[in-house]
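# sequence and predicted model, in that order:
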Amino acid sequence: MGFGDLKAPSGLKVLNDFLADRSYIEGHVPSQADVAVFEAISAPPPSDLCHALRWFNHIKSYQSQKNSLPGVKKPLGQYGPAGVGDSTAAVAQKAADDDDDDDVDLFGSDDEEDAEAARLKEERVAAYAAKKSTKPALIAKSSILLDVKPWDDETDMAKLEECVRSIQMDGLVWGQSKLLPVGYGIRKLQINCVVEDDKVGTDILEEQITAFEDFVQSMDVAAFNKI
């Protein structure tokens, strides 16, 4: 595993690709894994690496409480995309599993098999009953229409939208978008999203969208509706 040299463009490119479909280095909440990688970067990633920049700005907001984030910080090389080391480990694990298979008693008694089958049946019945008795909690959601304004008519609006959609959080789903004229040849991006109210607010959306300061001048809420 590993990103390589995170102070070099090549390492930042690997990080950007890694975060294209992830919000954090590990799991679904900020952790010591994010702190370890953040501290290995000497400066904010360039704006064309929008996934890495979005993550950098988000983790930067946790710096005052980084020591309280969950997890245990590991060596930097243990984070990142899978590499040759993982393949080797997988082969070794498969060999160990094959050795375990050699120890299976193919002539076990029928009584043992019947007892195991009965135990599995009881577990499945109990799990089914528990699932039926648990009703899912109602999740409050909202539909938000955002106006994202560029600096001028020379701003690359396709890149601006790519940066906005690169923002990924638990409880956030991006929807349809369109470009609307503002004046003097300038167009704004109007984009819809659906959020879970307990997880995502307009303040954090504005913070992360305006962090792409090379493209975004401002963000406004055009419409807000409870679902």
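In hand now; what should we look at?
# OK, contacts around the residue lying closest to Lys199 once chain neighbours are set aside?
Leaving aside its sequence neighbours, Lys199 sits nearest to Gly171 (Cβ to Cβ, 6 or more residues apart in numbering; 3.2 Å). Glycine gets a C-beta too; all of them are placed from N, C-alpha and C. Gly171 makes contact with 195-196, 198-200, according to Cβ atoms under 8 Å, 6 or more residues apart in numbering.
# rerun at 10 Å
Gly171 makes contact with 28, 139, 141, 194-200 under the criterion Cβ atoms under 10 Å, 6 or more residues apart in numbering.
# quick one, helices of the protein?
9-18, 32-39, 50-60, 84-102, 110-133, 157-165, 202-209 (DSSP state H).
# to Ile186, which of these lies closest?
Ile186 lies closest, by Cβ to Cβ, to one member of those: helix 157-165, at 9.7 Å.
# what's that closest one packed up against?
helix 50-60, strand 141-150, strand 172-183, strand 186-196, helix 202-209, strand 216-226 (3 or more Cβ pairs under 10 Å, 6 or more residues apart in numbering; DSSP states H and E).
# so which bits of the third one are buried?
Think strand 172-183. 172, 174, 177 (16 or more other Cβ atoms under 10 Å).
# quick one: the residue nearest to Lys199 from Ile204, how far?
11 Å (Cβ to Cβ, to the nearest Å).
# how about Cys163?
16 Å.
# neighbour-wise, which of the two wins?
Taking other Cβ atoms under 10 Å, Cys163 and Ile204 do not tie; Cys163 has more neighbours (26 against 16).
# ok so, going back, so among the contacts of Gly171, which ones count as buried?
141, 194-196, 200.
# in PDB, could you pull the C-alpha coordinates for stretch 169-178?
Taking C-alpha atoms only, stretch 169-178 is exported to PDB below (Å, rounded to 0.1, in the frame of the first residue of the first chain):
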ATOM      1  CA  MET A 169     -20.200  13.000   2.600                       C
ATOM      2  CA  ASP A 170     -22.400  10.400   4.300                       C
ATOM      3  CA  GLY A 171     -26.000  11.600   3.800                       C
ATOM      4  CA  LEU A 172     -25.300  13.700   0.600                       C
ATOM      5  CA  VAL A 173     -26.500  12.800  -2.900                       C
ATOM      6  CA  TRP A 174     -26.000  15.100  -5.800                       C
ATOM      7  CA  GLY A 175     -28.800  15.500  -8.400                       C
ATOM      8  CA  GLN A 176     -29.400  17.400 -11.700                       C
ATOM      9  CA  SER A 177     -27.700  20.700 -12.600                       C
ATOM     10  CA  LYS A 178     -27.900  23.400 -15.200                       C
END
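# tell me the mean pLDDT over that stretch?
Averaging pLDDT along stretch 169-178 gives 95.
# how far does that stretch sit from its chain's centre?
Relative to its parent chain, stretch 169-178 has a centroid offset of 13 Å by Cα atoms, centre = their mean, to the nearest Å.
# could you do stretch 122-135 as well?
For stretch 122-135, the separation from the chain centroid amounts to 31 Å (computed by Cα atoms, centre = their mean).
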